[in-house]
Every structure is written in structure tokens, then in C-alpha cells.
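J.: Starting from these lines, generate the structure:
(2 chains)
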There are 2 protein chains.
Amino acid sequence: MSNDLSIDLTAGFACPIPKSDYTNILLAHGSGGKLTHDLISKMFFPRFRNEFLAPLHDGAVFDVGGCRLAFTTDSYVVNPIFFPGGNIGELAVNGTVNDLSMCGARPMYLSAAFIIEEGLPLDDLWKVVLSMQEAAKSAGVLLVTGDTKVVDRGKGDKIFINTSGVGLVDDGRDISPRNIQVGDKIIVNGDIALHGIAIMSVRAGLEFETSIESDTAPLNGLVEEMFKASRNLHMMRDPTRGGIATTLNEVAEQSGLGIKLNEEDIPVPDAVKGACEILGLDPLYIANEGKLLAFVKKEDADEVLDKMRKYHIGSRSTVIGEVVDQHHGTVVMKSKIGGNRIVDMLAGEQLPRIC
Amino acid sequence: MSNDLSIDLTAGFACPIPKSDYTNILLAHGSGGKLTHDLISKMFFPRFRNEFLAPLHDGAVFDVGGCRLAFTTDSYVVNPIFFPGGNIGELAVNGTVNDLSMCGARPMYLSAAFIIEEGLPLDDLWKVVLSMQEAAKSAGVLLVTGDTKVVDRGKGDKIFINTSGVGLVDDGRDISPRNIQVGDKIIVNGDIALHGIAIMSVRAGLEFETSIESDTAPLNGLVEEMFKASRNLHMMRDPTRGGIATTLNEVAEQSGLGIKLNEEDIPVPDAVKGACEILGLDPLYIANEGKLLAFVKKEDADEVLDKMRKYHIGSRSTVIGEVVDQHHGTVVMKSKIGGNRIVDMLAGEQLPRIC
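T.: Down below sits the predicted model:
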């Protein structure tokens, strides 16, 4: 390879983001919201464009040697690394299991790559390793390959973990925003905003009346139940960074259809509502780590809900909205007092390093 | 998942590394040498043990839906991110391409996950992205999925990149230390220690008479040529962190056979020799990023060498030693003045964050 120092940025290769927007990376570029999309759509996507990357989904789906695989990656930089309801290790396993599940795949093999800051207590690493093992067992996946790097003190933050994963997509499964139809019901499998508020409460040193725990969990078992109930699961996404508002906006944009939510149907626990009031946050924008949004053919919705409610992490599943042939590309929510408001994508950064 | 804060480390789950050894992570745990092995063999391996992880190779090889795949991961934390001969972006692409190649696989799909420090100039990110694109094109692989995280200033170091990769292992290819036989020739595809010295020279602010550039390059094209010449490629490894000494020790240990090197056959450029003298380093322990060590059946070695020398990054290929039925599990080098010395695994950390 040539020495890359010599790339001439003036010769048609200038950075595609205008200097007037920003010249340096901001925390909000990692929010999962507007600035993250800016980076992806202007810098990464045009250079790496290919048929598999195109769907901008949670993972890539492709054929290899006659079988259909899903492949995904995520780095976890959550702070603190231990939080109510979990730690960075199980979060890293569950997150990648969930990204594969959202592609309609059965998660099979995971990699784990550690970037550790010099000085991390070995006991902390050990707790993380034990809980990755437990999470992998729960999800029925194998950790098959790994990597360990150490960076000098002050050049990292305790531990960052990347997990990538490979899963098999069974015949007849096709999860994509292009499959969404007007009338599709939008289902969530329970209370939202738990993960983000759990992290935020520790970080802010807040104690709420009821303790709020992260919802981190593997979604693959639940997804298998859903596929048993319907062959018309059109689309699934896990609303992590940026919350359900950001995920639904992405889906609306990619499908070109409108999304209508009913505020009073969205399950937000009282403790989360209270915490959001104190912190000045909107639960629609708060990260989840054990939730999925499913777009299901209207006629199949009841049967899917029924299956979901029998599964432990689906017991509070409910319909929160539907796909409409109005306000295309936009998410609109009917509020409890009857008005309609546009629910936009996350603009800034509410909670850096939430996952 | 249960709250991991509650794992009882006293109940049979105590950290398997004695407190008397060390209680915190040291830079040397990322060296690729003895302490890295300590972590892997005592902490990771016993917990994640499974049939695919067992070979402790550069990647995992498994069957999915009737095809044989290789899967690998690596995080890159090299400092500085731009160095003579390349940058962190192409290093990340080439490194994972090479790990797949060393499994005997044809590299196909890569993921790229970025952990960016707040404040990184966008122009730097853009240069990295451009060079990843160029490297992917050179190696004939597609970047199909990705992730971007941003950490606060002082909690990262410019940019860390994880790449994971999936490749297809053709029928009849079986690369493993258990295949090595007494008499096998050990081939390297050219000058060693270039990458490590290139990094070290920038970091130490040294200028040598001749400029030394990193050898970062994709090895998959060369490997395909080698497979054309022989069906008896028993084992391959790319000697990155820890250099050829560490890699050969791993192979000796895993195969249970002895390795004998000839010092005068090992290609070390004069500029590297000079730099090593100034810096007090041994080229056998310095990282390479475009080199492979191949263990080839004695009778096939000439034909393999012939093919390799016709390929641009193999023009200086040469035999540096052989597998012997002596000093089992150990690497011994015949020095230029005729003595024999044991070449041990890297003990401490010569060059933190070399890749």
C-alpha cells in the first residue's frame, strides 16, 4: 500500500462534510442521531457503497457458498462498566445477538475484542468475562475468536469491547424496511427507556424511589417465537442509541411511509417518567437494550402478540402504532390530550456512552 | 440477565490469576507475548472453551449450512495513527484480511467499528476512510457493516478501529499446527521487522539514513499462489505483535515439535539492523504486518518458493528454518558464529500499541 500521508485531499478527495458544519468530531457524532447519520451518509456510505451495505440495517445479509448469513459488529464503550441490571460484558454479547436477530438470523458465533486501559483491576476484567460467558450461554451462541489490546493509562477508559457476530438466515425470512406496508402494526415487547435511565441514574448519582435496572437481554428466543406466529414479520429493529424515536424515524425514512404512534399506548414505567422529569429527558429518545420494534401485517398482529406475551421478556408486549399512507417519511404521535406532534430524530446527544 | 454486580467472586469464581502475580492490567498484557498468553489461557480460554476456539489460531473455522467459514476479529490501537508506509485504516483492513488468509480462507466480507475520541479532526477521519476503501479494493473484500462510537476527550486516543472478517475455506484446505511434520520447511515472504521499526522511529522521533516503511499489505493474493503450488501447506501464521520469535514459539508449543532457525537466512535489512542497535531491540521480536510464516512439506518447498518469488510481496521469500524432532516445544537458532541459542517468547512489552 502507498504511504497514506500522501493522499491529496484537494484532488477530488476533499472531506465531504463542509468545514462550516464542523471540523472536528463531537460527542454527538456517537449519539446514534442526526450527526451519526451525517457521518455515515456523507463519509462512510459513499466510499464503502455495495449491495450489502445499502440497507443500512443492523447488519449485513449475504449469501456464502449457498447459505444466507447475517454479519454485524458493535463496539461497546458504556460508562460506567458496571451498572444496575448488568455490565459492559453481557451488554456486548446481548447487543450483537440482538443485531443478528433483527436481521431475521439465528445468532450462532460471536467474536470478542477487548481494548483495556492499563491499570484495570483484574477482578473487574474477570467479572466481565464471567458475565459474557453467562450471556453467551443464555443466548445459545459461542464466542469463537477474540483479541486483546492494552492502551496506556489515560488513553482509554477501563475497557471497551467489540463483539461481531455471524448468524444463519433461514429460508423465507426477509426483514427489510422495503417490506413494510400501510396498515402494519408496530409492536414493542415491553417498557421502554430502562437501559438509558439506569445508566444515567448511576452517572448522575441519583437515587430514585424505585430502582431502575437496564433491560439488557438477548432477543433471539423471542424472535423465534414471533416467527412461529407469523410469516409476515416485515421489519424489526432494536431501538438502542437514540431510542424508539430515532429508530422509527430511520424506518419511516427508509420505507418512505408514515408512522403514527399513540402516546398512551407506549409503555413507560412510572419510575422512568419520574426520572425523565427530574433529568429533563424524553423517554422516546432513551436507549433500550432488550427491546425490539416489530412491523407486523395487521391481520397477524394478534397472534404475534399472543406468542410474545407468553415469553418472559415479551410479557408486556403491546401495539404502539401503525404504518400510514400520510406524512411520508415522518413519525407523528397522537398525544394523550389529543393533539398530534412530529417526533423527530435525536438531534444532539442526550447521554454520551450509553452503550 | 442478573445484575452482574452481584457475582460472588469467592464462591468458586475467583479470578484464576493469583494476586501475587499482578492485580491490575499492565501494558505487557497487550504485547502478544507471555502476559497476553497468561490472560488468554487462564481467563478467557477456560470460560469460553469450545471446539472452535480450541486451536487458538488467528481465527475460528466452522461449518455453517454446509459451507466452511473462517471468522476473525482484531482491534487496532496503533500510535501514531499515520506512520511511514500507512495508517491505522489500511492496517485494520489488511490485518483482518491476513488473519483470514492464515486460516486458509478466501477473505470476503469485513466489518469496521470505530471508537473515535471527541475532537479528532474530520480530515484525519476522512483520510483513514479513504485508505480503508483503497485497502479493501486491493484485497478484493467488501466492507459490509459498521459501527461508530465517540468517547469524551481524554478517554480514548484519536481513533481505535475494530475489523472483523468472514471468509470461505475451500475444500481440501486445512491449516493447523497439528498438521506440521518433522522436516517441514519454514518460509518467510521477505524482510522482517519493518512495521515495528517504522512505528518506533516516528514515536521516538528518530530519523534513520534510509527511511523504513511499514510492510502493511494484504497477504491473500500471495496465499492463493502458494496453494496453487502445493496441497501440503501445513500451517501459516502472520508474525505481528511479538514478531517471528513469538509466533514460532506458539507454533512449537501447539505442535509439540521443535523449530530450528538459521540466523544467517533470516532477511533483516541493514536499516532495520541499524535501528535495532540504536534502540536496543531484537528484530526477531518486532511486529510485521505484511509477512507470513509458512510450514511447507519439505518436497514442495522449492515449488512454493518459486511461486512466491514471482508475486510482488513475495519476491524476497526464503527458507529460514525447519521443523525438527528435537528440543520439542522450543525454538532454537543457529547463530552466524555457529552457536545455538534458545529463542524464547516475548516476555515484556517492547513496543506498546504497535498495531
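
J.: does chain B sit close to stretch A:214-234?
T.: Yes. Counting by C-beta under 8 Å from any C-beta of the partner chain, chain B is contacted by stretch A:214-234 at A:216-217. Backbone N, C-alpha and C define where each C-beta goes, glycine included.

J.: List the buried residues of that stretch.
T.: Residues A:214-223, A:225-227, A:229-230, A:232-234 are the ones in stretch A:214-234 that count as buried (16 or more other C-beta atoms under 10 Å in any protein chain shown).

J.: show me what contacts the spatially most central residue of chain A?
T.: With distances taken as C-alpha atoms, centre = their mean, the residue of chain A nearest its centroid is residue A:240 (3.3 Å). Listed by C-beta atoms under 8 Å, 6 or more residues apart in numbering or on different chains, the contact set of residue A:240 reads A:32, A:95, A:195, A:247, A:287-289, A:355.

J.: Quick check: it vs residue A:268, distance?
T.: Shown here: residue A:240 relative to residue A:268, a distance of 17 Å by C-beta to C-beta, to the nearest Å.

J.: Then residue A:261?
T.: Distance of residue A:261 to residue A:268, given as C-beta to C-beta: 12 Å.

J.: List phi and psi for residue A:253.
T.: The main-chain torsion angles of residue A:253 are listed as degrees, to the nearest 10 and equal phi -60, psi -50.

J.: Would you mind measuring from the nearest residue to it once chain neighbours are set aside to residue A:323?
T.: Of all residues not flanking residue A:253 in the chain, residue A:329 sits nearest, at 5.2 Å (C-beta to C-beta, 6 or more residues apart in numbering or on different chains). Per C-beta to C-beta, residue A:329 is found 12 Å from residue A:323.

J.: cool, residue A:228 as well?
T.: Look at residue A:228 and residue A:323: by C-beta to C-beta, they are 23 Å apart.

J.: Wait, a strand at residue A:147?
T.: Yes. Going by DSSP: H, G, I helix; E, B strand; the rest coil, the assignment for residue A:147 places it inside a strand.

J.: Give me the distance between the nearest residue to it once chain neighbours are set aside and residue A:291.
T.: Closest residue to residue A:147 apart from its sequence neighbours, by C-beta to C-beta, 6+ apart: residue A:113 at 4.1 Å. Distance of residue A:113 to residue A:291, computed by C-beta to C-beta: 26 Å.

J.: And for residue A:137?
T.: Between residue A:137 and residue A:291 the distance is 22 Å, computed by C-beta to C-beta.

J.: Show me which of those two is the more surrounded one.
T.: Neighbours per residue, other C-beta atoms under 10 Å in any protein chain shown: of residue A:137 and residue A:291, the larger number sits with residue A:291, 28 against 11.

J.: pretty sure the more buried one contacts residue A:188?
T.: Yes. At 6.0 Å, residue A:291 and residue A:188 qualify as touching, with contact defined as C-beta atoms under 8 Å.

J.: what sits in contact with each of those two?
T.: Contact criterion C-beta under 8 Å, 6+ apart; residues bridging residue A:291 and residue A:188 by contacting each: residue A:244.

J.: what kind of secondary structure is residue A:178 in?
T.: Of the three states, residue A:178 takes helix under three-state DSSP.

J.: So the lowest-mean-pLDDT helix or strand in chain A, near chain B or not?
T.: With mean pLDDT, DSSP states H and E as the measure, the helix or strand of chain A carrying the lowest mean pLDDT is helix A:45-48 (a mean of 78). Yes. Contact between helix A:45-48 and chain B, assessed by C-beta under 8 Å from any C-beta, occurs at A:47-48.
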